[in-house]
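Visitor: model this:
(chains A and B)
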Amino acid sequence: MARILIPTPLRQFAEKNDNVELPGATVGDVLSALTARFPDLKKNLYTDEGKLRSFVNVYLNDEDIRYINKEASPVQDSDTLSIVPSIAGGSYA
Amino acid sequence: MPEEPSLSKEEILRYSRHLIMPEVGMEGQLKLKQAKVLLIGAGGLGAPLGLYLAAAGVGRIGMVDFDVVDFTNLQRQVIHGTKDVGRPKLDSAFDSMRDINPFVQLDRFEVPITSENAFSILQDYDIVVDGTDNFPTRYLINDACVILKKPNVYGSIFRFEGQATIFATQGGPCYRCLYPEPPPPGLVPSCAEGGVLGILPGIIGLVQATETVKLILGIGQPLIGRLMLYDALAMKFRELKLRRNPECPVCGDHRTITELIDYHQFCGIPQNPVQEAPVTGEIEPKEVKEKQDRGDNFVLVDVREPHEYQIAKIPGAKLIPLGDLPKRLNELDPKDEIVMHCKMGGRSAKGVDLLRQNGFTKVRNMIGGITRWSETVDPSVPKY
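Guide: Numbering: from 1, shown residues only, chains lettered A, B, ... in the order given. Sure, this is the predicted structure:
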(Lines give C-alpha, C1' and ligand atoms only; values in the text may rest on other atoms or scores of the structure.)
Protein backbone atom coordinates (compact mmCIF):
# COMPACT_ATOMS: atom_id res chain seq x y z
CA MET A 1 0.00 0.00 0.00
CA ALA A 2 1.39 3.38 -0.98
CA ARG A 3 0.54 6.50 0.97
CA ILE A 4 -1.01 9.35 -0.95
CA LEU A 5 -1.01 12.88 0.48
CA ILE A 6 -4.06 15.00 -0.30
CA PRO A 7 -3.57 18.78 -0.22
CA THR A 8 -5.91 21.18 1.58
CA PRO A 9 -7.88 22.42 -1.45
CA LEU A 10 -8.80 18.86 -2.46
CA ARG A 11 -9.61 17.45 0.98
CA GLN A 12 -13.22 18.61 0.66
CA PHE A 13 -13.58 16.08 -2.18
CA ALA A 14 -11.93 13.29 -0.17
CA GLU A 15 -14.10 13.20 2.94
CA LYS A 16 -11.61 15.59 4.58
CA ASN A 17 -8.77 13.03 4.57
CA ASP A 18 -5.26 14.47 4.45
CA ASN A 19 -3.75 11.13 3.47
CA VAL A 20 -4.89 7.64 2.58
CA GLU A 21 -3.16 4.32 1.91
CA LEU A 22 -4.11 2.65 -1.34
CA PRO A 23 -2.94 -0.36 -3.33
CA GLY A 24 -1.52 -0.20 -6.84
CA ALA A 25 1.48 -1.25 -8.86
CA THR A 26 1.83 2.04 -10.71
CA VAL A 27 1.10 5.70 -10.06
CA GLY A 28 -1.90 5.39 -12.40
CA ASP A 29 -3.25 2.42 -10.41
CA VAL A 30 -2.99 4.27 -7.12
CA LEU A 31 -4.69 7.34 -8.58
CA SER A 32 -7.48 5.15 -9.99
CA ALA A 33 -7.95 3.59 -6.57
CA LEU A 34 -8.08 7.10 -5.13
CA THR A 35 -10.76 8.37 -7.52
CA ALA A 36 -12.69 5.12 -7.11
CA ARG A 37 -12.81 5.72 -3.38
CA PHE A 38 -13.53 9.46 -3.74
CA PRO A 39 -15.40 9.95 -7.04
CA ASP A 40 -15.68 13.73 -6.46
CA LEU A 41 -11.91 14.02 -6.80
CA LYS A 42 -11.99 12.81 -10.37
CA LYS A 43 -12.99 16.03 -12.10
CA ASN A 44 -10.47 17.94 -10.03
CA LEU A 45 -7.61 15.67 -11.05
CA TYR A 46 -8.50 14.68 -14.60
CA THR A 47 -9.80 16.42 -17.71
CA ASP A 48 -12.85 15.07 -19.50
CA GLU A 49 -10.41 13.27 -21.81
CA GLY A 50 -8.93 11.47 -18.83
CA LYS A 51 -5.63 13.36 -18.73
CA LEU A 52 -4.13 14.66 -15.49
CA ARG A 53 -4.87 18.37 -15.30
CA SER A 54 -1.96 20.69 -15.98
CA PHE A 55 -2.34 22.62 -12.74
CA VAL A 56 -2.18 19.46 -10.64
CA ASN A 57 1.23 17.88 -10.24
CA VAL A 58 1.82 14.41 -8.88
CA TYR A 59 5.07 13.47 -7.19
CA LEU A 60 6.37 9.99 -6.45
CA ASN A 61 8.37 10.66 -3.30
CA ASP A 62 10.20 13.87 -4.31
CA GLU A 63 10.15 13.27 -8.06
CA ASP A 64 7.67 14.84 -10.48
CA ILE A 65 6.06 11.91 -12.36
CA ARG A 66 6.27 13.89 -15.62
CA TYR A 67 10.04 13.34 -15.51
CA ILE A 68 9.95 9.63 -14.71
CA ASN A 69 7.44 7.31 -16.29
CA LYS A 70 4.37 9.45 -15.77
CA GLU A 71 1.38 7.40 -14.65
CA ALA A 72 3.16 4.17 -15.58
CA SER A 73 5.84 4.80 -12.94
CA PRO A 74 6.06 1.74 -10.67
CA VAL A 75 5.10 2.21 -7.02
CA GLN A 76 6.54 0.35 -4.02
CA ASP A 77 4.74 -0.12 -0.73
CA SER A 78 7.02 2.32 1.06
CA ASP A 79 6.45 5.11 -1.48
CA THR A 80 4.62 8.34 -0.88
CA LEU A 81 2.62 10.04 -3.60
CA SER A 82 1.87 13.75 -3.29
CA ILE A 83 -0.73 15.74 -5.17
CA VAL A 84 0.44 19.35 -5.40
CA PRO A 85 -2.06 21.74 -6.98
CA SER A 86 -1.37 25.28 -8.07
CA ILE A 87 -2.23 27.86 -5.41
CA ALA A 88 -2.04 31.60 -5.90
CA GLY A 89 -3.13 33.15 -2.68
CA GLY A 90 -2.06 35.91 -0.43
CA SER A 91 -5.56 37.13 0.21
CA TYR A 92 -7.84 34.78 -1.64
CA ALA A 93 -10.83 36.59 -3.07
CA MET B 1 33.29 56.70 -11.82
CA PRO B 2 30.53 55.80 -9.35
CA GLU B 3 31.38 56.58 -5.76
CA GLU B 4 33.02 53.68 -3.93
CA PRO B 5 30.23 52.22 -1.75
CA SER B 6 30.78 52.46 1.97
CA LEU B 7 28.91 52.39 5.24
CA SER B 8 28.56 55.37 7.54
CA LYS B 9 29.31 55.08 11.25
CA GLU B 10 25.57 54.88 11.93
CA GLU B 11 25.15 52.09 9.40
CA ILE B 12 28.09 50.14 10.84
CA LEU B 13 26.46 50.26 14.24
CA ARG B 14 23.05 49.32 12.83
CA TYR B 15 24.34 46.32 10.89
CA SER B 16 26.79 45.20 13.58
CA ARG B 17 25.24 41.71 13.94
CA HIS B 18 25.67 41.15 10.22
CA LEU B 19 29.15 42.62 10.06
CA ILE B 20 30.59 40.36 12.74
CA MET B 21 29.55 37.24 10.79
CA PRO B 22 32.20 36.37 8.21
CA GLU B 23 29.49 35.05 5.84
CA VAL B 24 28.11 38.58 5.57
CA GLY B 25 30.80 40.97 6.84
CA MET B 26 31.49 44.38 5.34
CA GLU B 27 31.57 42.93 1.84
CA GLY B 28 28.15 41.31 2.19
CA GLN B 29 26.57 44.32 3.85
CA LEU B 30 27.79 46.49 0.97
CA LYS B 31 26.24 44.00 -1.47
CA LEU B 32 22.96 44.36 0.41
CA LYS B 33 23.27 48.14 0.30
CA GLN B 34 23.80 48.09 -3.47
CA ALA B 35 21.01 45.55 -4.09
CA LYS B 36 17.77 46.54 -5.78
CA VAL B 37 14.79 44.35 -4.95
CA LEU B 38 11.24 44.68 -6.28
CA LEU B 39 8.41 43.43 -4.07
CA ILE B 40 5.19 42.84 -5.95
CA GLY B 41 2.32 43.06 -3.48
CA ALA B 42 2.20 44.77 -0.08
CA GLY B 43 -0.13 42.21 1.44
CA GLY B 44 0.36 39.06 3.48
CA LEU B 45 3.68 38.06 1.91
CA GLY B 46 4.83 41.62 1.18
CA ALA B 47 4.45 42.64 4.84
CA PRO B 48 7.21 40.50 6.38
CA LEU B 49 9.30 40.89 3.21
CA GLY B 50 9.19 44.67 3.38
CA LEU B 51 9.94 44.83 7.09
CA TYR B 52 12.84 42.37 7.12
CA LEU B 53 14.48 43.35 3.84
CA ALA B 54 14.45 46.99 4.97
CA ALA B 55 15.86 45.99 8.34
CA ALA B 56 18.57 43.89 6.70
CA GLY B 57 19.76 46.93 4.77
CA VAL B 58 18.72 46.15 1.19
CA GLY B 59 19.64 49.50 -0.34
CA ARG B 60 16.75 49.98 -2.69
CA ILE B 61 13.32 48.39 -2.41
CA GLY B 62 10.55 48.94 -4.93
CA MET B 63 7.00 48.00 -4.02
CA VAL B 64 4.05 47.49 -6.35
CA ASP B 65 0.52 47.69 -4.90
CA PHE B 66 -2.53 49.84 -5.53
CA ASP B 67 -4.72 48.59 -2.72
CA VAL B 68 -5.95 50.36 0.40
CA VAL B 69 -5.60 48.92 3.92
CA ASP B 70 -8.82 47.47 5.30
CA PHE B 71 -9.70 45.82 8.58
CA THR B 72 -9.61 42.29 7.17
CA ASN B 73 -5.91 42.79 6.23
CA LEU B 74 -4.73 43.34 9.81
CA GLN B 75 -4.99 39.68 10.83
CA ARG B 76 -1.82 38.97 8.80
CA GLN B 77 -0.41 42.07 7.07
CA VAL B 78 1.71 43.21 10.01
CA ILE B 79 3.35 46.07 8.10
CA HIS B 80 0.02 47.95 8.45
CA GLY B 81 -1.66 49.00 11.69
CA THR B 82 -5.20 49.82 12.80
CA LYS B 83 -4.47 53.54 12.32
CA ASP B 84 -3.68 52.83 8.65
CA VAL B 85 -7.10 51.49 7.68
CA GLY B 86 -8.25 53.46 4.65
CA ARG B 87 -4.73 54.56 3.66
CA PRO B 88 -2.94 53.33 0.53
CA LYS B 89 -0.94 50.23 1.44
CA LEU B 90 2.24 51.74 0.03
CA ASP B 91 1.97 54.81 2.31
CA SER B 92 1.46 52.62 5.31
CA ALA B 93 4.15 50.09 4.35
CA PHE B 94 6.72 52.79 3.60
CA ASP B 95 6.07 54.51 6.94
CA SER B 96 6.82 51.23 8.72
CA MET B 97 9.91 50.51 6.62
CA ARG B 98 11.30 54.04 6.99
CA ASP B 99 10.82 53.82 10.71
CA ILE B 100 12.78 50.58 10.78
CA ASN B 101 15.51 51.77 8.43
CA PRO B 102 15.76 55.32 7.11
CA PHE B 103 18.83 54.37 5.02
CA VAL B 104 16.74 52.40 2.52
CA GLN B 105 15.58 53.99 -0.73
CA LEU B 106 11.93 53.15 -1.37
CA ASP B 107 10.40 53.27 -4.86
CA ARG B 108 6.66 53.37 -5.18
CA PHE B 109 4.58 51.85 -7.98
CA GLU B 110 0.96 52.46 -7.05
CA VAL B 111 -0.44 50.75 -10.14
CA PRO B 112 -1.58 47.30 -11.12
CA ILE B 113 1.28 45.51 -12.87
CA THR B 114 0.29 44.79 -16.48
CA SER B 115 1.78 43.46 -19.70
CA GLU B 116 2.24 47.10 -20.76
CA ASN B 117 4.16 48.37 -17.73
CA ALA B 118 5.87 45.22 -16.41
CA PHE B 119 9.19 45.64 -18.24
CA SER B 120 9.57 49.27 -17.26
CA ILE B 121 8.79 48.49 -13.61
CA LEU B 122 11.08 45.45 -13.42
CA GLN B 123 14.03 46.65 -15.44
CA ASP B 124 15.90 48.55 -12.70
CA TYR B 125 15.87 45.71 -10.18
CA ASP B 126 18.18 42.74 -9.60
CA ILE B 127 15.65 40.44 -7.96
CA VAL B 128 11.85 40.25 -8.15
CA VAL B 129 9.80 38.86 -5.27
CA ASP B 130 6.31 37.63 -6.10
CA GLY B 131 3.89 38.21 -3.23
CA THR B 132 0.74 38.55 -5.31
CA ASP B 133 -2.54 36.77 -4.83
CA ASN B 134 -3.79 35.80 -8.28
CA PHE B 135 -2.86 33.62 -11.24
CA PRO B 136 -2.78 36.21 -14.05
CA THR B 137 -0.24 38.33 -12.18
CA ARG B 138 1.87 35.32 -11.24
CA TYR B 139 2.17 34.20 -14.88
CA LEU B 140 2.87 37.78 -15.94
CA ILE B 141 5.66 38.15 -13.37
CA ASN B 142 7.10 34.78 -14.34
CA ASP B 143 7.24 35.52 -18.04
CA ALA B 144 8.63 39.03 -17.49
CA CYS B 145 11.35 37.65 -15.19
CA VAL B 146 12.31 34.92 -17.68
CA ILE B 147 12.47 37.37 -20.57
CA LEU B 148 14.45 39.96 -18.56
CA LYS B 149 16.59 37.21 -16.91
CA LYS B 150 15.79 38.24 -13.36
CA PRO B 151 15.36 35.74 -10.53
CA ASN B 152 11.77 35.47 -9.28
CA VAL B 153 11.52 34.58 -5.60
CA TYR B 154 8.14 32.90 -5.42
CA GLY B 155 5.83 32.21 -2.51
CA SER B 156 2.15 31.34 -2.29
CA ILE B 157 -0.21 30.37 0.45
CA PHE B 158 -3.57 28.73 1.00
CA ARG B 159 -5.22 28.23 4.40
CA PHE B 160 -2.52 26.33 6.31
CA GLU B 161 -0.18 25.49 3.46
CA GLY B 162 2.50 27.36 1.60
CA GLN B 163 4.89 26.88 -1.31
CA ALA B 164 8.16 28.66 -2.04
CA THR B 165 10.94 28.42 -4.60
CA ILE B 166 13.11 30.57 -6.87
CA PHE B 167 12.19 30.70 -10.55
CA ALA B 168 13.86 32.09 -13.65
CA THR B 169 17.51 31.81 -12.68
CA GLN B 170 20.05 31.00 -15.38
CA GLY B 171 19.28 27.41 -16.48
CA GLY B 172 16.74 26.94 -13.69
CA PRO B 173 13.02 26.18 -13.97
CA CYS B 174 10.25 28.76 -14.20
CA TYR B 175 6.67 28.87 -12.94
CA ARG B 176 5.40 27.45 -16.22
CA CYS B 177 7.74 24.47 -15.86
CA LEU B 178 5.99 23.74 -12.57
CA TYR B 179 2.47 24.55 -13.74
CA PRO B 180 2.09 25.02 -17.51
CA GLU B 181 -1.41 26.41 -17.07
CA PRO B 182 -3.53 27.93 -14.33
CA PRO B 183 -6.68 26.26 -13.09
CA PRO B 184 -9.80 27.45 -14.88
CA PRO B 185 -11.67 29.97 -12.70
CA GLY B 186 -14.50 27.54 -11.88
CA LEU B 187 -12.21 24.90 -10.42
CA VAL B 188 -10.22 26.93 -7.92
CA PRO B 189 -11.59 26.68 -4.43
CA SER B 190 -14.42 29.15 -3.97
CA CYS B 191 -14.67 31.82 -1.31
CA ALA B 192 -16.12 29.18 1.00
CA GLU B 193 -12.87 27.27 1.18
CA GLY B 194 -10.61 30.34 1.11
CA GLY B 195 -9.05 32.00 4.07
CA VAL B 196 -5.57 31.82 5.46
CA LEU B 197 -3.97 31.34 8.85
CA GLY B 198 -2.67 34.82 9.68
CA ILE B 199 0.80 33.59 10.62
CA LEU B 200 1.30 31.53 7.45
CA PRO B 201 2.30 34.43 5.14
CA GLY B 202 4.80 35.41 7.84
CA ILE B 203 6.54 32.05 7.50
CA ILE B 204 6.43 31.91 3.70
CA GLY B 205 7.26 35.61 3.26
CA LEU B 206 10.32 35.17 5.43
CA VAL B 207 11.42 32.11 3.46
CA GLN B 208 11.27 34.42 0.43
CA ALA B 209 13.17 37.13 2.32
CA THR B 210 15.84 34.63 3.36
CA GLU B 211 16.30 33.42 -0.21
CA THR B 212 16.46 37.01 -1.47
CA VAL B 213 19.23 37.89 0.99
CA LYS B 214 21.12 34.66 0.12
CA LEU B 215 20.92 35.47 -3.59
CA ILE B 216 22.29 38.96 -2.91
CA LEU B 217 25.10 37.66 -0.71
CA GLY B 218 25.80 34.64 -2.91
CA ILE B 219 25.91 32.29 0.09
CA GLY B 220 24.31 28.96 1.00
CA GLN B 221 22.23 26.69 -1.19
CA PRO B 222 19.54 28.73 -2.93
CA LEU B 223 16.03 27.28 -3.22
CA ILE B 224 16.46 26.71 -6.96
CA GLY B 225 15.16 23.51 -8.56
CA ARG B 226 13.42 22.68 -5.32
CA LEU B 227 9.81 23.37 -4.39
CA MET B 228 9.46 23.83 -0.67
CA LEU B 229 6.09 22.88 0.78
CA TYR B 230 5.06 23.90 4.26
CA ASP B 231 2.14 22.48 6.20
CA ALA B 232 1.43 24.49 9.33
CA LEU B 233 -0.98 21.96 10.83
CA ALA B 234 1.47 19.07 10.57
CA MET B 235 4.35 21.54 11.14
CA LYS B 236 6.28 19.93 8.34
CA PHE B 237 8.54 21.27 5.64
CA ARG B 238 8.90 19.05 2.59
CA GLU B 239 10.86 19.46 -0.57
CA LEU B 240 10.10 18.30 -4.11
CA LYS B 241 12.36 18.31 -7.15
CA LEU B 242 11.68 21.00 -9.68
CA ARG B 243 13.14 20.75 -13.16
CA ARG B 244 13.33 23.08 -16.09
CA ASN B 245 10.97 21.68 -18.72
CA PRO B 246 12.81 21.60 -22.08
CA GLU B 247 9.40 22.04 -23.72
CA CYS B 248 8.45 25.06 -21.61
CA PRO B 249 7.02 27.76 -23.92
CA VAL B 250 8.85 30.55 -22.06
CA CYS B 251 12.15 29.13 -20.83
CA GLY B 252 12.44 25.88 -22.84
CA ASP B 253 14.65 25.01 -25.78
CA HIS B 254 12.11 26.10 -28.41
CA ARG B 255 10.43 29.17 -27.00
CA THR B 256 7.08 30.19 -28.37
CA ILE B 257 6.42 32.99 -25.89
CA THR B 258 8.97 35.76 -26.22
CA GLU B 259 6.87 38.72 -25.21
CA LEU B 260 4.17 39.38 -22.66
CA ILE B 261 0.67 38.19 -23.50
CA ASP B 262 -2.85 38.85 -22.24
CA TYR B 263 -2.75 37.04 -18.90
CA HIS B 264 -6.39 37.49 -18.04
CA GLN B 265 -7.31 35.75 -21.24
CA PHE B 266 -4.65 33.08 -20.58
CA CYS B 267 -6.24 32.44 -17.20
CA GLY B 268 -9.74 32.37 -18.66
CA ILE B 269 -10.82 35.57 -16.96
CA PRO B 270 -12.50 38.14 -19.19
CA GLN B 271 -10.87 41.51 -18.46
CA ASN B 272 -14.04 43.51 -18.92
CA PRO B 273 -16.63 41.02 -17.81
CA VAL B 274 -19.59 41.16 -20.12
CA GLN B 275 -22.61 42.27 -18.16
CA GLU B 276 -24.68 39.14 -18.10
CA ALA B 277 -28.32 39.50 -18.97
CA PRO B 278 -30.28 39.66 -15.75
CA VAL B 279 -31.45 36.20 -14.88
CA THR B 280 -35.08 35.95 -14.01
CA GLY B 281 -34.80 34.47 -10.65
CA GLU B 282 -32.72 37.02 -8.86
CA ILE B 283 -34.03 38.85 -5.86
CA GLU B 284 -32.72 41.79 -3.84
CA PRO B 285 -32.14 41.32 -0.09
CA LYS B 286 -34.66 44.13 0.52
CA GLU B 287 -37.38 42.22 -1.30
CA VAL B 288 -36.58 39.11 0.71
CA LYS B 289 -36.99 41.13 3.90
CA GLU B 290 -40.32 42.48 2.64
CA LYS B 291 -41.47 38.94 1.92
CA GLN B 292 -40.49 37.89 5.42
CA ASP B 293 -42.27 40.88 6.96
CA ARG B 294 -45.41 40.13 4.94
CA GLY B 295 -45.31 36.55 6.11
CA ASP B 296 -45.07 35.19 2.54
CA ASN B 297 -44.75 31.45 2.36
CA PHE B 298 -41.22 30.71 1.12
CA VAL B 299 -38.06 28.91 2.20
CA LEU B 300 -34.78 30.81 2.60
CA VAL B 301 -31.81 28.46 2.10
CA ASP B 302 -28.30 29.45 3.19
CA VAL B 303 -25.71 27.44 1.20
CA ARG B 304 -22.64 28.65 3.11
CA GLU B 305 -20.49 26.50 5.39
CA PRO B 306 -21.39 25.93 9.07
CA HIS B 307 -18.43 28.00 10.28
CA GLU B 308 -19.67 30.94 8.22
CA TYR B 309 -23.17 30.49 9.63
CA GLN B 310 -21.64 30.92 13.07
CA ILE B 311 -20.16 34.29 12.06
CA ALA B 312 -23.36 35.78 10.71
CA LYS B 313 -26.80 34.55 9.71
CA ILE B 314 -30.12 35.77 8.44
CA PRO B 315 -32.99 34.89 10.79
CA GLY B 316 -35.16 32.11 9.45
CA ALA B 317 -32.63 30.78 6.95
CA LYS B 318 -32.14 27.03 6.65
CA LEU B 319 -28.46 26.01 6.40
CA ILE B 320 -27.59 23.49 3.67
CA PRO B 321 -23.93 23.88 2.60
CA LEU B 322 -23.59 23.82 -1.19
CA GLY B 323 -21.52 20.62 -1.07
CA ASP B 324 -24.28 18.83 0.84
CA LEU B 325 -27.09 20.09 -1.35
CA PRO B 326 -27.18 17.14 -3.81
CA LYS B 327 -27.75 14.61 -1.04
CA ARG B 328 -30.13 16.86 0.93
CA LEU B 329 -32.48 17.75 -1.91
CA ASN B 330 -35.15 15.64 -0.21
CA GLU B 331 -35.31 18.27 2.55
CA LEU B 332 -36.69 20.74 0.01
CA ASP B 333 -40.02 20.66 -1.76
CA PRO B 334 -40.18 21.57 -5.49
CA LYS B 335 -43.66 22.98 -4.84
CA ASP B 336 -42.28 25.61 -2.45
CA GLU B 337 -40.97 29.01 -3.37
CA ILE B 338 -37.28 28.99 -2.52
CA VAL B 339 -34.72 31.80 -2.15
CA MET B 340 -31.04 30.85 -1.84
CA HIS B 341 -28.23 32.94 -0.43
CA CYS B 342 -24.52 32.69 0.43
CA LYS B 343 -21.87 35.29 1.29
CA MET B 344 -21.72 37.21 -2.00
CA GLY B 345 -24.16 35.42 -4.31
CA GLY B 346 -21.76 33.16 -6.26
CA ARG B 347 -22.31 29.86 -4.50
CA SER B 348 -26.06 30.38 -4.17
CA ALA B 349 -26.23 30.92 -7.96
CA LYS B 350 -24.73 27.42 -8.32
CA GLY B 351 -27.27 26.16 -5.81
CA VAL B 352 -30.12 27.68 -7.83
CA ASP B 353 -28.78 25.95 -10.97
CA LEU B 354 -28.58 22.64 -9.17
CA LEU B 355 -32.15 22.90 -7.92
CA ARG B 356 -33.43 23.86 -11.36
CA GLN B 357 -31.67 20.85 -12.87
CA ASN B 358 -33.58 18.77 -10.36
CA GLY B 359 -36.99 20.03 -11.35
CA PHE B 360 -37.38 22.95 -8.96
CA THR B 361 -38.97 25.87 -10.79
CA LYS B 362 -39.65 28.49 -8.14
CA VAL B 363 -36.06 29.14 -7.07
CA ARG B 364 -34.37 32.53 -6.87
CA ASN B 365 -30.90 33.74 -5.94
CA MET B 366 -30.52 36.55 -3.43
CA ILE B 367 -28.14 39.02 -5.12
CA GLY B 368 -25.05 40.04 -3.18
CA GLY B 369 -25.61 37.49 -0.43
CA ILE B 370 -25.49 38.18 3.28
CA THR B 371 -22.95 40.94 2.61
CA ARG B 372 -25.59 42.93 0.73
CA TRP B 373 -28.16 42.02 3.37
CA SER B 374 -25.87 43.66 5.92
CA GLU B 375 -25.47 46.73 3.70
CA THR B 376 -29.08 47.22 2.66
CA VAL B 377 -31.32 45.50 5.21
CA ASP B 378 -29.72 44.95 8.60
CA PRO B 379 -26.34 46.55 9.42
CA SER B 380 -26.25 44.65 12.73
CA VAL B 381 -25.38 41.51 10.71
CA PRO B 382 -21.56 41.44 10.64
CA LYS B 383 -19.68 41.47 7.34
CA TYR B 384 -16.69 39.17 7.05
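Visitor: next, residue B:373: secondary structure please.
Guide: helix (DSSP: H, G, I helix; E, B strand; the rest coil).
Visitor: residues near it, how many?
Guide: By the criterion of other Cβ atoms under 10 Å in any protein chain shown, residue B:373 has 24 neighbours. Every C-beta, even on glycine, is put in place using the N, C-alpha and C of the backbone.
Visitor: check the spacing between it and residue B:381 real quick.
Guide: Using Cβ to Cβ, to the nearest Å, residue B:373 is found at 6 Å from residue B:381.
Visitor: where do the contact lists of these two overlap?
Guide: Taking Cβ atoms under 8 Å, 6 or more residues apart in numbering or on different chains as the contact criterion, the common neighbours of residue B:373 and residue B:381 are residue B:314.
Visitor: from residue B:348, how far out is residue B:322?
Guide: Residue B:322 sits 8 Å away from residue B:348, going by Cβ to Cβ.
Visitor: who has more neighbours out of those two?
Guide: Ranked by neighbour count (other Cβ under 10 Å), residue B:322 and residue B:348 place residue B:348 first, with 26 against 21.
Visitor: for the more buried one, what are phi and psi?
Guide: The phi/psi pair for residue B:348 (degrees, to the nearest 10) reads phi -70, psi -30.
Visitor: interface residues of chain A facing chain B?
Guide: A:7-9, A:12, A:18, A:43-44, A:53-55, A:57, A:59, A:62-64, A:66-67, A:82, A:84-93 (Cβ under 8 Å from any Cβ of the partner chain).
Visitor: which of these count as buried?
Guide: A:7-9, A:12, A:44, A:53, A:55, A:57, A:59, A:64, A:66, A:82, A:84-92 (16 or more other Cβ atoms under 10 Å in any protein chain shown).
Visitor: inside strands: which ones of those?
Guide: In strands, judged by DSSP state E, the following of these are found: A:57, A:59, A:64, A:82, A:84, A:85.
Visitor: okay if I get those as JSON lines plus distance to residue B:205 and pLDDT?
Guide: What follows is these, written out as JSON lines (distance: Cβ to Cβ, whole Å; pLDDT from 0 to 100):
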{"residue": "A:57", "distance to residue B:205": "23", "pLDDT": "93"}
{"residue": "A:59", "distance to residue B:205": "24", "pLDDT": "97"}
{"residue": "A:64", "distance to residue B:205": "26", "pLDDT": "95"}
{"residue": "A:82", "distance to residue B:205": "23", "pLDDT": "96"}
{"residue": "A:84", "distance to residue B:205": "20", "pLDDT": "92"}
{"residue": "A:85", "distance to residue B:205": "21", "pLDDT": "88"}
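Visitor: quick one: which of these is nearest to chain B?
Guide: Nearest to chain B among these, counting by Cβ to the nearest Cβ, is residue A:59 at 5.1 Å.
Visitor: my read: the closest one touches residue A:79, true?
Guide: No - with contact defined as Cβ atoms under 8 Å, residue A:59 does not count as touching residue A:79 (10.2 Å).
Visitor: can you tell me which residues contact the residue most central in space within chain A?
Guide: The centroid of chain A falls nearest to residue A:83 when counting by Cα atoms, centre = their mean (4.0 Å). By Cβ under 8 Å, 6+ apart, residue A:83 lies in contact with A:4, A:5, A:6, A:7, A:10, A:45, A:56, A:57, A:58.
Visitor: so what's the third one closest to, chain neighbours aside?
Guide: Of all residues not flanking residue A:6 in the chain, residue A:14 sits nearest, at 5.0 Å (Cβ to Cβ, 6 or more residues apart in numbering or on different chains).
Visitor: what's the separation between that neighbour and chain B?
Guide: Remark: distance between residue A:14 and chain B (Cβ to the nearest Cβ, to the nearest Å) = 12 Å.
Visitor: look up phi and psi at that residue.
Guide: The phi/psi pair for residue A:14 (degrees, to the nearest 10) is phi -130, psi 40.
Visitor: equivalent analysis for residue B:36, please.
Guide: According to degrees, to the nearest 10, residue B:36 has phi -120, psi 110.
Visitor: where does pLDDT dip in chain A?
Guide: A:89-93 (pLDDT under 70).
Visitor: please redo it, this time with the cut-off set to 50
Guide: Applying pLDDT under 50 to chain A flags residues A:90-93.
Visitor: mind checking the longest helix of it?
Guide: In chain A, with assignment by DSSP state H, the single longest helix is helix A:27-37.
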